[in-house]
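In: just a sequence and a predicted model for now, questions to come.
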Amino acid sequence: MAFCVQCGQMQNDGTRFCRFCGGQQPDSQLIARLRMEAESIRYQVQQLQAQQMQAQQMQRMNYNQQQNQQRW
Ligand SMILES: [Zn+2]
């Protein structure tokens with residue numbers, strides 16, 4: 001089930017033009033493209049978070065090493 005992007009009325013699936021206001025509806029190719037873009041953004045965010053986690057772990061390891069060096 002889809003809704004008009006302009007007037008919000010209920011539309012049949014796959015409708016290109018609203019039967020109430022005549023507004024053009026986003027076609028499935030566009031929706032698929034947007035979905036792919038959202039997917040790639042989510043992937044990039046996950047990568048970034050993983051990098052940050054690694055950086056934090058590295059910092060912690062360096063800190064522990066420094067502590068050990070001071071003790072000797
Ligand atoms: Zn409409």
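Out: Sure thing, it's come through.
In: quick one, strands of this structure?
Out: Using DSSP state E, the strands of the chain run over residues 2-3, 10-11.
In: is any part of the last one close to the ion?
Out: No - Strand 10-11 lies out of reach of the ion by C-beta under 5 Å from the ion, never closer than 7.6 Å. In this view, the C-beta of every residue, glycine as well, is placed from N, C-alpha and C.
In: need the strands of the chain in TSV with mean pLDDT, can you?
Out: Putting the strands of the chain into TSV (pLDDT from 0 to 100) gives the following:
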stretch	mean pLDDT
strand 2-3	87
strand 10-11	90
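In: so which of those strands comes closest to residue 19?
Out: Closest approach to residue 19 among these (C-beta to C-beta): strand 10-11, 7.2 Å.
In: the closest one pairs with which strands?
Out: Looking at strand 10-11 with DSSP bridges, its partner strands are strand 2-3 (antiparallel).
In: before we move on, back to that, and the strands of the chain, which is most packed in?
Out: The highest mean neighbour count among these, using mean count of other C-beta atoms under 10 Å, belongs to strand 10-11: a mean of 16.
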